[in-house]
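Participant: quick check, what structure comes out for this input:
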Amino acid sequence: MSGVLQCLQLDGRATNASLAEEIHLAEAPTWRRVRALEESGVICGYRALIDPSALGYEVTAFVHVRFGRHDPTLEQAFEQEVREIPQILWCHTVSGATDFLLCVVARNLSEYGELISARIRSLPGVTSIESSFSLKAVKDGSLIPVD
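Facilitator: Prediction:
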């Protein structure tokens with residue numbers, strides 16, 4: 001199964017025939033393996049990778065969000081609202097001094113400042129925000145080790 005996963009992570013549009021050839025297996029069992037991985041939830045979807053700068057997003061920021069108190073209702077409300085802000089690419093609950101870590105894109109610093117002021121600072125539970133800006137992506141991907 002790891003061969004199928006490696007191939008699909010590199011090319012989610014690979015045909016069943018090319019997958020079969022790559023992993024040295026007939027097409028029917030290859031198709032069954034892919035289907036089983038999809039049905040079991042190991043493969044949870046397919047998508048295109050888009051270069052943010054090609055769409056004008058020149059700023060990538062990692063935003064550390066802190067809450068004043070831990071209230072599950074506030075956290076759920078925060079999480080729900082975060083899901084609805086398209087400039088927030090991902091959000092993780094984390095350990096340590098920060099409660100949530102966000103990755104945010106903006107076209108420029110002015111747009112980023114407006115997003116922080118108008119949207120993120122006013123989210124439920126937020127008492128403190130600290131931003132770190134990406135200067136260069138050294139490794140930017142989501143390939144999961146499957147060996």
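Participant: and residue 63, what helix or strand is that in?
Facilitator: strand 59-67 (DSSP states H and E).
Participant: contacts for the helix or strand of the chain with the lowest mean pLDDT, please.
Facilitator: None of the helices or strands of the chain scores lower by mean pLDDT, DSSP states H and E than helix 2-10, at a mean of 93. For helix 2-10, contacts defined as Cβ atoms under 8 Å, 6 or more residues apart in numbering pick out 14, 18-19, 22-23, 30, 33-34, 37, 42-43, 46, 143-144, 146-147. No exception for glycine: its C-beta is placed from N, CA and C like everyone else's.
Participant: nearest to residue 75 among these?
Facilitator: residue 144 (27.0 Å; Cβ to Cβ).
Participant: can you tell me, leaving aside adjacent residues, what's nearest to the closest one?
Facilitator: residue 9 (6.9 Å; Cβ to Cβ, 6 or more residues apart in numbering).
Participant: try residue 59
Facilitator: Closest to residue 59 by Cβ to Cβ, 6+ apart is residue 106, at 4.4 Å.
Participant: list phi and psi for the one you found.
Facilitator: For residue 106, the backbone dihedrals (degrees, to the nearest 10) come out as phi -150, psi 160.
Participant: quick check: it touching residue 119?
Facilitator: No - judged on Cβ atoms under 8 Å, residue 106 makes no contact with residue 119 at a distance of 11.1 Å.
Participant: helix, strand, or coil at the most centrally placed residue in the chain?
Facilitator: Taking Cα atoms, centre = their mean, the centroid of the chain lies closest to residue 90, which sits 4.7 Å from it. Judged by DSSP: H, G, I helix; E, B strand; the rest coil, the three-state class of residue 90 is strand.
Participant: for it, give the beta-bridge partners.
Facilitator: Under DSSP bridges, the beta-bridge partners of residue 90 are residue 103.
Participant: for it, give me the pLDDT.
Facilitator: For residue 90, the model assigns a pLDDT of 97.
Participant: quick check: it vs residue 101, distance?
Facilitator: 8 Å (Cβ to Cβ, to the nearest Å).
Participant: good, we can wrap up now.
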